[in-house]
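> turn this into a structure:
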Amino acid sequence: MYLISPHLPQFKANLHCHSTCSDGKLTPEELVSAYRNEGYAILAITDHESPRNHSSLSTEDFLLLTGYEAYIRTDPHCTYDVFAPETHLNLFAREPDNETLICYNPSCCKYLTLDKQQQLTKAGSERPREYTVAYINEFIRTANENGYLVSYNHPVWSMESEERILAYEGYFSLELINGNSHMRHKMEYNAPLYHALLRSGKFVHVHAGDDNHNSKSESDSFLAATMISAPSLTYKNVIDAMEKGDMYATEAPVFHSIAFDGERVTVECSPVSLITCHVGSKNPSFVCGDGDLTHAVLDVPQGARYVRVSVTDQNGRHADTRAYSREELGLFPL
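Predicted coordinates:
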């Protein structure tokens, strides 16, 4: 069976992006031009508390996803130069015309005019936001019920504890790599957190995004991508593929195919220095090279909790699949 099929096209996506509709420097039109020129085929412009349908900018070879970034923090007016844990979530609309505001709070919507706020459909409680696990789970549940896939963003930047993140429910994917934060902090590569989620039984998917604002002298675009495998570049096919986990996170390396035969994983990829098959134990299978590895056959022990493949190129850039459960792999229960 294929975990990543060579028979499906892979569409390069940036699933975290800010425009002049919030605190980004580039207009949606400028972002589309920039990302198309860099070989991307999908862009989700996820402006802060500002759901907008940009599908008028979509073409046959470039797809815009509707969505926005929501935040829950102790103080909606807090600054970024203090220790203040908070939760940021990206909401991806299942339908392009869905611009529903979830748990509307006007103090969070500084990038929307009052007229625009009044025009948008709203769902969920409109009480002041609460930085509690119960409220955040309520927010995610409300978003899911109103046509959104919800992802959890940049845990390192958000300064949330692992214990707290483990208590969140209902998000479909973890932002394994946040390009902006990783560029600045050199530690927004969240594989250890992902393994903690898996150990607790939370089999969410993984993706990557730039979180670009294009407001600094150092570019924060084109640093990370999500490769989405779908039959064709349509809104429904892409959203369905994301929900199923037919995608992986990357800073540059590409998986051409990953196959599993019940005992071994066979990996075909762009040139890398390390290919690893994680199985939920202290001893993953791996092979090392000098930056020219493009193929590996790695054993999967009978007691594997899951299968997840990661690679690292000679520049230290990663690509990571999600974890495939024993049930998905057709293995007997432990």
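
> just the helices in the stretch 101-250 of the chain please.
Along the stretch 101-250 of the chain, counting by DSSP state H, counting those that start in this stretch, helices occupy 114-119, 133-145, 155-158, 162-166, 179-185, 191-199, 235-244.

> which of the ones you listed has the lowest average pLDDT?
Mean pLDDT is lowest for helix 179-185 among those, at a mean of 87.

> now do that helix: distance to the chain's middle.
Per C-alpha atoms, centre = their mean, to the nearest Å, the displacement of helix 179-185 from the mean C-alpha position of its chain is 15 Å.

> so where's the stretch 1-150 of the chain shaky on pLDDT?
For the stretch 1-150 of the chain, the stretches flagged by pLDDT under 70 are 76-81.

> typo on my end, the stretch 151-300 of the chain
In the stretch 151-300 of the chain (pLDDT under 70), the answer is 217-218.

> distance of the residue nearest the centre of the chain from P333?
Residue closest to the average C-alpha location in the chain (C-alpha atoms, centre = their mean): H207, at 3.2 Å. Distance, H207 to P333, by C-beta to C-beta, to the nearest Å: 28 Å. For the C-beta atoms, the positions are set from N, CA and C on the backbone; glycine is no exception.

> again, but for K216
Per C-beta to C-beta, K216 is found 50 Å from P333.

> with S50 instead?
Taking C-beta to C-beta, one finds S50 at 45 Å from P333.

> pretty sure R322 is touching V206, no?
Yes. Applying C-beta atoms under 8 Å as the test, R322 and V206 come out as touching, 4.9 Å apart.

> mind listing the shared neighbours of the two?
Shared contacts of R322 and V206 (C-beta atoms under 8 Å, 6 or more residues apart in numbering): S173, Y248.

> quick revisit: have a look at K216 and P333 and say which one is more surrounded.
Neighbour totals were compared for K216 and P333, and K216 leads with 12 against 5 (other C-beta atoms under 10 Å).

> what distance do you get for the closest residue to L65 other than its chain neighbours to L26?
Nearest residue to L65, sequence neighbours excluded (C-beta to C-beta, 6 or more residues apart in numbering): A44, at 3.9 Å. Relative to L26, A44 is positioned 15 Å away (criterion: C-beta to C-beta).

> same check on R308?
Using C-beta to C-beta, we find R308 at a distance of 34 Å from L26.

> which one's more surrounded, these two?
Neighbours were counted for R308 and for L26 using other C-beta under 10 Å; R308 has more, 25 against 20.

> thank you kindly, that will do.
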